[in-house]
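1. build me a structure from this.
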Amino acid sequence: MRVACPSWVRSARALRLLATTVLLAGCHSSNIAPPGTPVVTMANPTNSKDFAAYIVSIDSITLTDNNGGVAQPLVTPTVVDLVRLNDLAELVEAPAVPNATYVSATLTLDYTTPSVWVNVNGQPVLATVQTPTGSGVSIVTVTVTFDPSHPLVITQGVSTRMQIEIDLAASNSIDTTTSTPTVTVQPFVVITPAPPDATELRARGLFVVTQPSAGNFIMNMRPFYDLVSADGALFVNVNASTYYNIDGVAYTGAAGLTALANEMQNTPVVAYGTLGDVSGITPHFNATAIYAGTSQESPLAYYATGTVSSRSGTAVTLHAVEVLTPPSSCPAFLGSVAVCTVFYGSLPVTLGDATIVSQDGTDRPGLTIASVSVGQRINVSGQATLDSLLNVTALDATAGQVRLASTPLWGTLNPGATAGGASLCLQSLGDNAPSVFSFTGTGAPGQDATAANYQLNTGSFNASTLPAGACGVGTLLQAQGLVAPFGSAPPDFTATLVTPGSATQQQVVVEWVNGGATAPFSSSSSAGLVVDLTNANLGTIHSIRTGPATLDLKSLRASPLITTTGADQTQLQLVVGSTTLITGFSVFNTATGFAGGLHTAFNGTNKIYRLVAYGQYNSASNTFVAARIHVALHE
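-> I've put the predicted structure just below:
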């Protein structure tokens, strides 16, 4: 068996100024293949909002090649909130591993002390996590077998993207019939080779050095909330349009790169953008926005991310809040990993005239704390009030910073829309139910926002041609944008993007109970799947989800055909399996291969647990066209 690079070589691509050549030399021994770079990205691209937070630890990632050799690109456990990956993918690491053809991957999840919060009637509630047998969940090891015709090929001196998805919709069954919700976990993990694409990524890490002549800077990657590792180097490309927020000051273009050069090495930095050139051993990243220094995180402040649910004067309340604590104040451990990110259902925050306010992605002048209104998603830093267990009970941001983030909104169209404006019946705001918000004070006297008549400036989007109706009946719309400054509404919200719900990514979610079903489909072939809606073990979940709205499959004229025909065939991700199968989860990149995999899986013994498909529903043809279909079998 060929051995993998030792741990000091696996992390060699974390740059220490000019020492890279010396460090990488360790992989060129007689029994160790020269290295390439798996560029690991991670996402959970769904519209599911079942969970407010899902914090677990990824203890390790290993790769097995076609000769039985094993490489371990991730050697330091890292804590991750999987819910955050619903909206934005993460560039996890870019380590050096031996060049080889890898046929499978294994991921180890630590559920020893998870923090899983379920949305119940608009409120996040801490849940109990259990296995299908009712016992507690601890360490779960998941194997994923790549499509034989599409293995992960790591080539010497070249970067290759590897995408990881932990599908929460396919992994969890939620019971909210008791005061403490119960989440039954059967992790569904997909790992696939993937080409660079236009997916927006977040790359977090430590600043190393700027290279103005090359139009970039170098960072060492430190993903999610990691405080100790350096998981490979990254060239971050910038240009004249790149936005910077450094220590509370906004810049654009060359001025931002100059300001970044004045930061100390190992200053925390986060870049947003897309994966770029991967032809070399160090991958490139094309950044649209950079946050560094105290604008991102520091060892002296607490950082809270959430949605403003109410405001009175300078006092605001954040809802569904994730708090990043200084390393010296981490309140808990998840397995052996210090947990410095903690979720709270709500948190009081105090603002002041000295609070620095900025808008993410744009150098917008003149912002004040008046810009912080109800429904706005923000990132705020300041000093915390702690209880005896180091839990945060309040945040003082009077000398801190507030960053206004793009806020998502869903609503159905009320009558009376114009070319540039519309009234919506809110279905969610900042991914929260309308019932959590108090809109008192948001508008001019007598004109506070209301959930039933929420006023949008729709910009260039013309909603007047779309069907409107009573609350919950009109056309479902999704919007991204900013809430109007406190006390200035209407309009209540200025949208930068408006999309009809039917044009967004939709989900088919079906669950089987009583141990599952051995024959869940009335038809199954390369042409697609049709769920047997009369199966005796079909559960109560059988719907098409569009944002917060659901359409019962049983309300349709027939069970729809779930098909890959019409989807981008180069993007197919078709998976069947469970953690207890020898092959784990088998990935197929063709409909024919997937049909064969299903035929093998449903052998009269294996039973289905959940089916989740991602795509779009065509009501005229009663088809659901999906590039991603996940069939979870019972463990």
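2. name the helix or strand of this protein that has the lowest mean pLDDT.
-> Least confident helix or strand, the chain: helix 20-24 with a mean of 29, by mean pLDDT, DSSP states H and E.
3. packing partners of the helix or strand that it is followed by?
-> Of the helices and strands lying after helix 20-24 in sequence (DSSP states H and E), the nearest is strand 35-43. Here strand 35-43 touches strand 70-74, strand 89-93, strand 97-98, strand 152-154, strand 159-166, going by 3 or more C-beta pairs under 8 Å, 6 or more residues apart in numbering; DSSP states H and E. Heads up, the C-betas are built off the backbone N, CA and C, glycines and all.
4. out of the ones you listed, which comes closest to W117?
-> Closest approach to W117 among the helices and strands packed on strand 35-43 (C-beta to C-beta): strand 159-166, 16.3 Å.
5. ok now that closest one, how far from the chain's centre?
-> 14 Å (C-alpha atoms, centre = their mean, to the nearest Å).
6. then stretch 278-288?
-> 21 Å.
7. restricting to C-alpha, output it in PDB.
-> Coordinates of each C-alpha in stretch 278-288 appear next as PDB, following Å, rounded to 0.1, in the frame of the first residue of the first chain:
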ATOM      1  CA  VAL A 278      -6.900  25.800 -10.500                       C
ATOM      2  CA  SER A 279      -4.200  24.900 -13.000                       C
ATOM      3  CA  GLY A 280      -1.400  25.200 -10.400                       C
ATOM      4  CA  ILE A 281      -0.800  23.600  -7.000                       C
ATOM      5  CA  THR A 282      -2.100  26.800  -5.200                       C
ATOM      6  CA  PRO A 283      -5.600  27.600  -6.300                       C
ATOM      7  CA  HIS A 284      -6.800  31.100  -7.200                       C
ATOM      8  CA  PHE A 285      -9.900  32.800  -5.900                       C
ATOM      9  CA  ASN A 286     -11.700  35.800  -7.600                       C
ATOM     10  CA  ALA A 287     -12.900  38.100  -4.900                       C
ATOM     11  CA  THR A 288     -15.700  40.600  -5.000                       C
END
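8. so W117 sits in a strand?
-> Yes. Counting by DSSP: H, G, I helix; E, B strand; the rest coil, W117 is part of a strand.
9. quick one: contacts for it?
-> Counting by C-beta atoms under 8 Å, 6 or more residues apart in numbering, W117 touches 51-54, 124-127, 320, 343, 345.
10. mean neighbour count, distance to V142 and mean pLDDT added to the helices and strands packed on strand 35-43, as TSV?
-> TSV is the format used below for the helices and strands packed on strand 35-43 (neighbours: other C-beta atoms under 10 Å; distance: least, C-beta to C-beta, whole Å; pLDDT from 0 to 100):
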stretch	mean neighbour count	distance to V142	mean pLDDT
strand 70-74	22	13	91
strand 89-93	26	16	93
strand 97-98	26	19	94
strand 152-154	21	16	97
strand 159-166	23	9	95
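11. please report how far A517 lies from P187.
-> Computed as C-beta to C-beta, to the nearest Å, the A517 to P187 distance reads 21 Å.
12. whoops, I mixed them up, H542
-> For H542 relative to P187 (C-beta to C-beta), the value is 22 Å.
13. what are the buried residues along stretch 470-477?
-> 474-477 (16 or more other C-beta atoms under 10 Å).
14. what's around the spatially closest residue to F486 that is not a sequence neighbour, how many residues?
-> The spatially closest residue to F486, leaving aside those adjacent along the chain, is S373, at 4.0 Å (C-beta to C-beta, 6 or more residues apart in numbering). A count of nearby residues for S373, using other C-beta atoms under 10 Å, gives 27.
15. wait, S373 sits on R311?
-> Yes. Look at S373 against R311 with C-beta atoms under 8 Å: they come within range, at 6.6 Å.
16. mind listing the shared neighbours of those two?
-> Residues touching both S373 and R311 (C-beta under 8 Å, 6+ apart) are 442, 486.
17. now do the helix or strand hosting D59 against strand 70-74: the angle between them, please.
-> Here D59 sits within strand 51-65, counting by DSSP H and E. Orientation check (axes from the mean of the first three to the mean of the last three C-alpha atoms, to 10 degrees): strand 51-65 against strand 70-74 gives 150 degrees.
18. tell me what strand 51-65 is packed against?
-> strand 70-74, strand 78-81, strand 100-120, strand 315-324, strand 332-334, strand 341-350.
19. got the angle for that strand vs strand 315-324?
-> Using the same axes, to 10 degrees: strand 51-65 against strand 315-324 is 20 degrees.
20. okay, the angle between strand 51-65 and strand 35-43?
-> Using the same axes, to 10 degrees: strand 51-65 against strand 35-43 is 160 degrees.
21. pairing partners for strand 51-65, with directions?
-> If you go by DSSP bridges, strand 51-65 pairs up with strand 70-74 (antiparallel), strand 78-81 (antiparallel), strand 100-120 (antiparallel).
22. three-state assignment of the residue most central in space within the chain?
-> Among the residues of the chain, the one closest to the centroid is L85, at 0.8 Å (C-alpha atoms, centre = their mean). Classification of L85 using three-state DSSP returns helix.
23. that one contacts T46, correct?
-> No. If you go by C-beta under 8 Å, L85 and T46 don't touch, sitting 9.0 Å apart.
24. for the closest residue to D65 other than its chain neighbours, give me its contacts.
-> Using C-beta to C-beta, 6+ apart and skipping residues adjacent in sequence, the residue nearest D65 is A100, 3.9 Å away. Contacts here follow C-beta under 8 Å, 6+ apart; on that basis A100 touches 2, 33, 65-67, 69, 71, 153-154.
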